[in-house]
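Visitor: Here you go, sequence then predicted model.
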Amino acid sequence: MNLVLETERLILRPLELSDAEAMFEMDNNPEVHKYLWQTPTQTIDETIKVIEYVNRQYAENNIGRFATIVKETGEFIGWTGIKFVNDHVENGNTNFFDYGYRLNEKFWNKGYATEASVMWLDYGFNKMNIDKMNAYTHAQNGASNHVLQKVGMKFMEDYPDKDGVIWKWWKMEGTK
């Protein structure tokens with residue numbers, strides 16, 4: 001996949017194996033996984049498998065999570081982007097477009113999640129012609145819930161996962 005997108009401060013490009021070390025640093029941090037099933041990545045091999053999985057998504061669905069890089073420094077800060085969810089059921093749904101992101105803790109509270117989210121939602125609705133985008137967040141993840149609300153996603157409902165953990169289901173519809 002050769003799509004590269006930019007915002008004022010960020011470059012968004014497909015994940016590459018060269019991102020593995022920085023992505024492992026992010027996903028090995030228990031704070032990053034506090035609202036993500038509390039299962040930090042233990043080995044870089046796990047990270048490489050995730051990158052390979054995302055690269056298959058690019059080939060199969062022509063979209064997926066993208067490496068998110070600070071323009072000024074070239075630092076990998078995490079991933080953002082649209083995923084076509086067809087590999088599991090979430091809140092009774094499958095075969096839907098999901099917006100999501102994960103950032104390394106040292107890049108939190110700098111506005112990067114909001115900046116990337118605005119760009120991705122615009123891209124999804126205006127370039128990919130998606131009619132509906134969903135997202136889901138841990139109910140207690142105040143920061144991510146705030147970002148989704150701020151960028152215009154609408155909270156639809158709380159729902160439990162298979163372990164009884166409560167998640168929030170979000171939706172945004174295109175204007176076309």
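Guide: Now that the structure is in, tell me what you want to look at.
Visitor: Return the list of strands paired to the longest strand seen in the chain, each annotated with direction.
Guide: Using DSSP state E, we find that the single longest strand of the chain is strand 76-85. As defined by DSSP bridges, the strand partners of strand 76-85 come to strand 65-70 (antiparallel), strand 96-103 (antiparallel).
Visitor: Can you tell me how far the residue nearest to Ile130 when sequence neighbours are not counted is from Met133?
Guide: Of all residues not flanking Ile130 in the chain, Gly124 sits nearest, at 4.5 Å (CB to CB, 6 or more residues apart in numbering). For glycine as for every other residue, the C-beta is placed from the backbone atoms N, C-alpha and C. In this view, Gly124 and Met133 are 6 Å apart by CB to CB, to the nearest Å.
Visitor: now Ile63
Guide: From Ile63 to Met133 the distance is 11 Å (CB to CB).
Visitor: which residues touch Asn141?
Guide: 34-35 (CB atoms under 8 Å, 6 or more residues apart in numbering).
Visitor: Got the phi and psi for it?
Guide: phi -80, psi 80 (degrees, to the nearest 10).
Visitor: Check the gap between it and Trp37 for me.
Guide: 12 Å.
Visitor: what's the answer for Lys110, then?
Guide: Lys110 is 25 Å from Trp37, where distance means CB to CB.
Visitor: before we move on, the earlier item: how about JSON lines for the strands paired with strand 76-85, with mean pLDDT and distance to Thr114 added?
Guide: JSON lines is the format used below for the strands paired with strand 76-85 (pLDDT from 0 to 100; distance: least, CB to CB, whole Å):
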{"stretch": "strand 65-70", "mean pLDDT": "98", "distance to Thr114": "12"}
{"stretch": "strand 96-103", "mean pLDDT": "97", "distance to Thr114": "10"}
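Visitor: winner for burial among those strands?
Guide: strand 65-70 (a mean of 24; mean count of other CB atoms under 10 Å).
Visitor: export that strand as CSV, just CAs?
Guide: The C-alpha trace of strand 65-70 is given here as CSV (Å, rounded to 0.1, in the frame of the first residue of the first chain):
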residue,chain,number,x,y,z
ARG,A,65,-4.0,1.1,10.8
PHE,A,66,-1.2,3.4,9.8
ALA,A,67,2.1,4.3,11.4
THR,A,68,1.8,7.8,12.8
ILE,A,69,5.0,9.9,12.7
VAL,A,70,5.8,13.4,14.0
